[in-house]
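[1] just need the structure, nothing else, for what follows:
(2 chains)
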2 protein chains.
Amino acid sequence: MIEIQVELGDRAYPIWIGAGLLRDRALVRRAVPARQILVVSNQTVAPLYAPTLLSHFDDRSVEQVILEDGEAYKTLGSFERVMEGLLRARFERGCCVVALGGGVVGDLAGFAAACYQRGVDFVQIPTTLLAQVDSSVGGKTAVNHPLGKNMIGAFHQPRAVITDLDTLRTLPARELSAGLAEIIKYGLIDDPMFFGWLEEHMEALVAREVAVMAQAIERSCRDKARIVAMDERESGVRALLNLGHTFGHGIEHALGYGTWLHGEAVAAGMAMACRLSVAASLMSEADAERALALIRRAGLPIHPPVGVATEDLLSAMKIDKKNKDGRIRLVLLKGCGGAFLTENYPEDAFMAELATREES
Amino acid sequence: MIEIQVELGDRAYPIWIGAGLLRDRALVRRAVPARQILVVSNQTVAPLYAPTLLSHFDDRSVEQVILEDGEAYKTLGSFERVMEGLLRARFERGCCVVALGGGVVGDLAGFAAACYQRGVDFVQIPTTLLAQVDSSVGGKTAVNHPLGKNMIGAFHQPRAVITDLDTLRTLPARELSAGLAEIIKYGLIDDPMFFGWLEEHMEALVAREVAVMAQAIERSCRDKARIVAMDERESGVRALLNLGHTFGHGIEHALGYGTWLHGEAVAAGMAMACRLSVAASLMSEADAERALALIRRAGLPIHPPVGVATEDLLSAMKIDKKNKDGRIRLVLLKGCGGAFLTENYPEDAFMAELATREES
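    Now for the predicted structure:
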């Protein structure tokens, strides 16, 4: 088992990564010592893993809220369902909310934990690769609103994260690729050595080789934890984690949440950022080609999908937390491993990116 | 003008208290430097004070969300209305939410500011005595749920509080009394000197003498700020601020929010705590008499109202953030100025308090 400590002062917490962790009664009970436990999961994940998890809590007071699966359910309505679960059970401030599922479940359950009685404990058991390398680090919790993604939320750190690699066995191939998008992102932001390693191991990752996967997840979590520790509330360097996300959120919003997976939209967004960086003379064509090739090898798109209107993309991108004084700010690249935030980029190349479509 | 600095490290903020502050353009603009401003108010307060406030922001981008008046509107539904106001205006992370109104507006707008984009600036302009001495200090924000009061919320400190004493002129007498309940509370908790001062000045307070009122508000804010600074997240001493509130919340919940004012319910709750403290041999009868007399002189009740069922009171009190392992914890008194949290009290006297009713 690998243990990573996310260093955030009195909000520091461990991430445990390994195969079979969900079956480890002692570990699970150490992560969740509370007497009152609310498990939040969805209809896809709960049948697979909830019985094992709940078996460790046979002497506790346990409730469950099982949501429908998908980004479309990351709403204030679902948030209210979790609140009702907590209130009906009359759970006290010492209770713990456990998120069993992917990023949607984690973000939603974390936001509920942040707000119930102004903050209760929260433990994450991420079951998708994307959640394991992204939402499990950093304490960002949120729900979507029809007018914008992740616009309603809180910073709330978990007390522990349990990443059981066995859960990846049941993950659909598209979801695996979506997770690989965020992994590639860490290489592109500021870890060229990791980027090179990914070029060597992409086939092993797509084939879900456990030892290789564990290394990729560990390195991703360490990269993200280092950035978050420098900037917990996203006032500076943390914005770099948004590489590909401004375009990506635009795609998700214009297309309707849940049509493309978040990681797929981010992959296309990273590719757009690469090409725009070339157009801005920041990145060499050769580096951009390397990045695009790696994204493709992970089974991911490099353009927005057919059927999305350019004006919808642009409109959706104007609602973004990084924007200042109305100008869309983007994370661009000075090579593979050199991300930075800027509002200076050639407008024509930017609009050309919004107008180009993925071939199906 | 009086200035109190609430000491909370990098979340420290000033409270300004004085007559005519809302007309002070320089002061208001210093408190709210943001380019994008959302004013949250209600239908009673907005017509009285919004025009003056908005006149200072003639060069800013300003939106308003005007709620219906009353505790019944401190809901997730209203929270969503504020979120929609922010999202429709496409306000960015640098925006500011300004709460113009009493405790309901402040708690709701503060919670919205805490959650919009995971936290934006927030300025309070409390227009009721209760809000001026209570919700303006401490950063507690929340909405109610049909299953419990203030159960959904966040800790979010304002960047400034502007208390304009002129707003008290338009305050209904019942609301003034409700505010006096919280003022008396500070004396009872740990400030016997203030308690004695209140015994001397209660008539002047009821008559709204500005200089006396300013002193009472200042002392109340200082008392509360001192306690909050010791315990921002309510893990210890801050629970003492709940004197009268466990009973009070029970009354409000059993009666239906908005029937009695929050301060009225707290007044009855403080009286109940006094008598229970006498029954527990913690407080002398003479001290309890002094407290009850002061509450009465402020125009406030000392028992729950006729029409509330004892079992409903008890049931509502069981949902309380202070409770631990199912036992109702109460703030009781060793004399006027000696509050402490306990779960040890005579059950029969406790039940007798729940069963006694205010004569109408």
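[2] restricting to C-alpha, output whichever strand or helix holds A:Val82 in PDB.
    Using DSSP states H and E, A:Val82 maps to helix A:76-88. The C-alpha trace of helix A:76-88 is given here as PDB (Å, rounded to 0.1, in the frame of the first residue of the first chain):
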ATOM      1  CA  LEU A  76     -28.800  21.200  -5.900                       C
ATOM      2  CA  GLY A  77     -31.700  18.700  -6.000                       C
ATOM      3  CA  SER A  78     -29.300  15.800  -5.200                       C
ATOM      4  CA  PHE A  79     -27.600  17.900  -2.600                       C
ATOM      5  CA  GLU A  80     -31.000  18.300  -0.900                       C
ATOM      6  CA  ARG A  81     -31.500  14.500  -1.000                       C
ATOM      7  CA  VAL A  82     -28.200  14.000   0.900                       C
ATOM      8  CA  MET A  83     -29.200  16.700   3.400                       C
ATOM      9  CA  GLU A  84     -32.500  15.000   4.000                       C
ATOM     10  CA  GLY A  85     -30.800  11.700   4.500                       C
ATOM     11  CA  LEU A  86     -28.600  13.200   7.200                       C
ATOM     12  CA  LEU A  87     -31.500  15.100   8.800                       C
ATOM     13  CA  ARG A  88     -34.000  12.200   8.800                       C
END
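[3] which one is whichever residue of the stretch 101-250 of chain A sits closest to chain B nearest to, not counting chain neighbours?
    Closest residue of the stretch 101-250 of chain A to chain B, Cβ to the nearest Cβ: A:Leu147 (3.9 Å). Just so you know, the C-beta spots here come from the backbone N, C-alpha and C atoms, and that holds for glycine as well. Once flanking residues are discounted, A:Leu147 sits nearest to B:Leu87: 3.9 Å by Cβ to Cβ, 6 or more residues apart in numbering or on different chains.
[4] A:Ala291 now?
    A:Cys274 (4.8 Å).
[5] dump the residue contacts of that neighbour.
    By Cβ atoms under 8 Å, 6 or more residues apart in numbering or on different chains, A:Cys274 lies in contact with A:283, A:287-288, A:291-292, A:333.
[6] give me that answer again for 7 Å
    By Cβ atoms under 7 Å, 6 or more residues apart in numbering or on different chains, the residues touching A:Cys274 are A:283, A:288, A:291-292, A:333.
[7] where does the residue of chain A most remote from its centre fall, phi/psi-wise?
    What lies farthest from the middle of chain A is A:Asp59; by Cα atoms, centre = their mean that is 32.7 Å. Dihedral angles of A:Asp59 (phi, psi; degrees, to the nearest 10) stand at phi -110, psi 20.
[8] quick check: which ranges of chain A have low pLDDT?
    A:360 (pLDDT under 70).
[9] picking up where we left off before, packing partners of the helix holding A:Val82?
    Helices and strands touching helix A:76-88, by 3 or more Cβ pairs under 7 Å, 6 or more residues apart in numbering or on different chains; DSSP states H and E, are strand A:36-42, strand A:61-67, helix A:103-115, helix B:76-88, strand B:148-155.
[10] just to revisit the earlier point, past whichever strand or helix holds the residue nearest to A:Ala291, which element shows up next along the chain?
    Following DSSP H and E, one finds A:Cys274 within helix A:262-279. Counting by DSSP H and E, the next helix or strand C-terminal to helix A:262-279 is helix A:285-297.
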